[in-house]
Structures are given as C-alpha cells and as structure tokens.
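Participant: My questions are about this predicted structure, shown below with the sequence.
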Amino acid sequence: LALLAVIYNICNHMKKQIWIPILIIAVVIVGLVIFLPKSKKQVDKEPIKIGVILPLTGTSADAGQYVKSGLVMAEKEINDNLNLKYNVELFFEDSQYKSEVAVTAINKLISVDKINYIIGEYGSSQTLAITPIAEQNKVILLTPASQATKITTAGDFIFRTQTTAKQEADFFSDFVYKAIGNKRLNILALNTDYGLSYIENFSSFYEKIGGNLGLSQTFDAKEVDFRTILLKSKADKAEAVILTGNRNMNGLILKQIKELDLTFQLFATSVTEGKELLEIAGEQAEGLVYPYPFDAESENFAQKSFQERYQKIYGSKSEMLAANGYDTLSLLSYCFEKVGTEVEKVKNCLYGVKDYQGASGVLSFDKNGDVVKEFILKTIKNGQFVPYEK
C-alpha cells in the first residue's frame, strides 16, 4: 500500500493518459508480490528442535568439542539446503562428564524445552544414566560416542552411531593374539561402564583363542599418576598392555612408561586417537597400534567429500567423533524428510537404515539400534595417525 501511494503521488504530476496505465501495472506487481507463493528461499520453516548433551567443559571436553564440530557443520548444511522440507535447531547442554548433570540436562530438554530428539552422551556411564528417562518419555536418544555393552539393551528408542566395545574387542583380540603370540598381556582400563565393558568383552574373546591374559586394572577418569598400576603390570610379568583411556589419559600413561623405563608392547582402543595424545606423549606414542571404525583417507565419495568440507571449515581433517556427530544429525534429518516428524515413524525409519553412505563410513542399524561399521587398524608413525601396515 505504501508503494502504491508513492507511485500515485508521482503519477499525479504526470498527464492522465500516461499515469493510469502505470498505476495499473503497479497494482498487478504488488498483487503478485502479496499473493503468489513464496520461493523456496523465502519460505520460513519452523525448525525441529534437537537436544544435545555432551561434556563441553571438564574431563573429556576435547571429545565433546569434536562431536560438536560435526553437529554444527551438519546443522548448517541441512538448514542451507533449500531442497529439504525441515530445518533443525540444536540446543546444547554441558554435562561436564558427570552423570548427575546429564540427568538434569535431559529432564530440562524434555520437560522444559519439549524436545523429542536428543543426541548424547559421550561417556557410556552418562548415556546409561539418561537412557531410562528417554525410554520412559518415548524420546529418541542417539549417542555418537558411547560404547558400553549395556546400551545395546537400554531400550527401543536408543540408538548409537558409535561401534560397541564388544564389536571392537572381537575385531582387535584376534589381531593382538597374532601379534604377540603367548606373551603375557595386561589391560589398563578406565573405571567406567565403557572400560569395564572392554575388559569383559576382550577377555572373553582373547581367552577363547588361547591368549595369555594377566591383570586387568582400572583407574579413575581424573587419575594423573599411573605409576603404581604400571609397576603392578611389570610385577605380573606383562610383556604387552592395552590402554583403554582417552587421548589425555593414554598420553600420560605412555609418558610414564618411558619415565619408568618399561618395555611393554603397546596397544590401545579406538578412543585414543586425537592430537592431545601426541601433545602429551610425544615420541613415546610412536608404534602404538589400535582399531578404528573410521577411515579419514577413504576414497568413498561421501567420506571424501565430508573430509574436504570439514577441512575448509576447521583447517584439519576430521577424526572419528566429529564424523559420528555429523552422521547422527544427518540421519535424523534423513528420516524427517522421509517420514515426517512423528517420533514413532522416525524411530522405525532409523531401524530401517541400511548401508547409509555417511561421513563416518557405510553404516546400518541392527535390531537393537547399534550401528554396524567396518574397522581398520591404525598406528602412529612420524607423529601422524596412519593406517597400520604389517
């Protein structure tokens, strides 16, 4: 109307036979602007709220930040894609790697923010603390990082894009046995649901194939002095050890192995990869061998494309957790586009995911909501995480 008024005032100073046609054309243009459907770019889509619970500060904050980088990247790509019907909006909660804080966070996301889809947690103990709440409220919970065996049977609404401790132990135990033969092996494990799961599953597989397994020792997540358990492994006549701590913990253990002049053959679990390990352990990390359900050098189109885009944004290639985070949100978006936003339909869609071409690899969900992926072996050579070659 304001535009018409301006045009009318201009035309009023012109000859009648000139301004009448101009006024008619203006009316038609304004009518088209008002009544024609908006273009895709103009349509404002109500975003679907997605809750995220991660340790963004405190212990394992590095892991939480890795996952967050993948989530934020996926959020932007989804919302910039004009061919998608639904946008997404992430609501982050910091668990501080504490189960009680994670419980408070999920209750807030469900009760206050009215969110039906939640991504988290990182730590298995934190995830197991919040799964009953998600299940009771029929809220879909996808963890991009937790590996504890108990999560497999945590509920019908629980999924994960990270492989399980059982899957990893099954793959890795055979390699370790072939690598060390009858040498005595010790396990140094984080005293969490993840660490205990790894001890249980690896021990079972390893002893079945005839491995010589000695002590399995645990340590607290805040531990910084590992000399006592290392000397116990020496006294147990261990010739090899497996480290199940995170990047920082394993870095300290490797450093203290060198200080004590110990000569263990060294193995680790998948959570060991990250620049923090190298910053702490330095050259002592050289030769460490570990399984990894993610290949950053893959020529698979989806993985290669993701790495190129990730590097442009963050200046480095993605590790496992960022890729898992990206896939977790992308899979939700995939199901929203396929079946809509009704929770039950989205849940059934996730169970039906098979051979999805993701940033973290080709993945499927089994009947328990556990992801199925392929593992590779990796090692550290010249300060780089590289594929292991015999």
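Facilitator: Noted; the coordinates are in hand. Note that the structure is predicted; figures quoted are calculated from it, not measured.
Participant: For the rest of this, base every contact and every neighbour count on C-alpha atoms.
Facilitator: OK.
Participant: Next, work out how far apart residue 338 and residue 302 are.
Facilitator: 20 Å (CA to CA, to the nearest Å).
Participant: Could you do residue 387 as well?
Facilitator: 19 Å.
Participant: Kindly report the same for residue 325.
Facilitator: 15 Å.
Participant: So for those two, which residue has more residues nearby?
Facilitator: residue 325 (30 against 16; other CA atoms under 10 Å).
Participant: unless I'm mixing things up, the more buried one is touching residue 73, no?
Facilitator: No. The criterion here is CA atoms under 8 Å, and residue 325 misses it with residue 73 at 9.2 Å.
Participant: what kind of secondary structure is residue 309 in?
Facilitator: Using DSSP: H, G, I helix; E, B strand; the rest coil as the criterion, the local structure at residue 309 reads helix.
Participant: Count the residues that sit near it.
Facilitator: Neighbourhood size, residue 309 [other CA under 10 Å]: 15.
Participant: Return the distance of it relative to residue 326.
Facilitator: Taking CA to CA as the criterion, residue 309 is separated from residue 326 by 12 Å.
Participant: Over to residue 266?
Facilitator: Applying CA to CA, the value for residue 266 to residue 326 is 31 Å.
Participant: same deal with residue 66?
Facilitator: 10 Å.
Participant: Those two - which one has more neighbours?
Facilitator: Taking neighbours as other CA under 10 Å, residue 66 and residue 326 compare with residue 326 leading, 25 against 20.
Participant: thinking that one is in contact with residue 73, fair?
Facilitator: Yes. Using CA under 8 Å, residue 326 is in contact with residue 73, at 6.9 Å.
Participant: which neighbours do these two share?
Facilitator: Both residue 326 and residue 73 lack any common contact, where contact means CA atoms under 8 Å, 6 or more residues apart in numbering.
Participant: How about residue 283: what's its closest non-neighbour residue?
Facilitator: Nearest residue to residue 283, sequence neighbours excluded (CA to CA, 6 or more residues apart in numbering): residue 383, at 7.2 Å.
Participant: Mind pulling up the pLDDT for that neighbour?
Facilitator: Residue 383 is assigned a predicted lDDT (pLDDT) of 95.
Participant: That one and residue 277 touch, don't they?
Facilitator: No. Counting by CA under 8 Å, residue 383 stays clear of residue 277, with 10.2 Å between them.
Participant: Now for these two: what residues contact both?
Facilitator: Common neighbours of residue 383 and residue 277, using CA under 8 Å, 6+ apart, are residue 285.
Participant: Can you show me the strands along the stretch 51-200 of the chain?
Facilitator: 88-94, 117-120, 140-143, 158-160, 185-190 (DSSP state E, counting those that start in this stretch).
Participant: Could you say which one of the ones you listed comes nearest to residue 365?
Facilitator: Nearest to residue 365, of all the strands of the stretch 51-200 of the chain, is strand 158-160, at 8.0 Å by CA to CA.
Participant: Point out the other helices and strands that that closest one packs with.
Facilitator: helix 124-136, strand 140-143 (3 or more CA pairs under 8 Å, 6 or more residues apart in numbering; DSSP states H and E).
Participant: quick one: buried residues of stretch 74-93?
Facilitator: Within stretch 74-93, the residues scored as buried using 16 or more other CA atoms under 10 Å are 74-75, 78-79, 85-90, 92-93.
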